[in-house]
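Chemist: Prediction below, plus the sequence it came from.
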Amino acid sequence: MSQVARRIAEEVHDEPHLEGRRLTVRFVKEQVEDRGLDPRTVADRHDLDLADVYRALTYYHDHPEEMRAVERRRQWAIEEHERLTTDPDDVRD
């Protein structure tokens, strides 16, 4: 368990994350709310204080417009990369 409570930062990933870590707010939310993991489990698996998990969840729910924008950018990037990927059936010998 980490002994340092982390703040939410935005200088990495172009989306909010736990300061000093690569864990995004969105990732923490997905682990707890979408996958149904207990917040303590997420904290233990990622060497966080339990407060860090709740801080990320609070940030997610306190900033719904920002988080929707993050998800839109993420979806756009996925679609853009899919467009650039060559389908094996399109490759000629």
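Modeler: All right, it came through fine.
Chemist: Indicate each strand paired with the worst-scoring helix or strand of the chain on mean pLDDT and its parallel or antiparallel sense.
Modeler: Of the helices and strands making up the chain, the lowest-confidence element is strand 8-9, at a mean of 77, by mean pLDDT, DSSP states H and E. Strand pairing for strand 8-9, using DSSP bridges, gives strand 17-18 (antiparallel).
Chemist: Show me the contact partners of the partner strand.
Modeler: The contact list for strand 17-18 (Cβ atoms under 8 Å, 6 or more residues apart in numbering) reads 6-10, 23-25, 28, 48, 52, 55-56. Placement of C-beta: from N, CA and C, glycine included.
Chemist: Now do that strand: distance to the chain's middle.
Modeler: Relative to its chain's centre, strand 17-18 lies at 8 Å (Cα atoms, centre = their mean, to the nearest Å).
Chemist: Pull out the buried members of the contacts of strand 17-18.
Modeler: Neighbour-count burial (16 or more other Cβ atoms under 10 Å) applied to the contacts of strand 17-18 gives 6, 8, 23, 24, 25, 28, 48, 52, 55, 56.
Chemist: Give me the pLDDT value at the third one.
Modeler: We note a pLDDT of 92 for residue 23 in this prediction.
Chemist: Backbone dihedrals for it, both of them.
Modeler: Backbone dihedrals for residue 23, given as degrees, to the nearest 10, come out at phi -80, psi 120.
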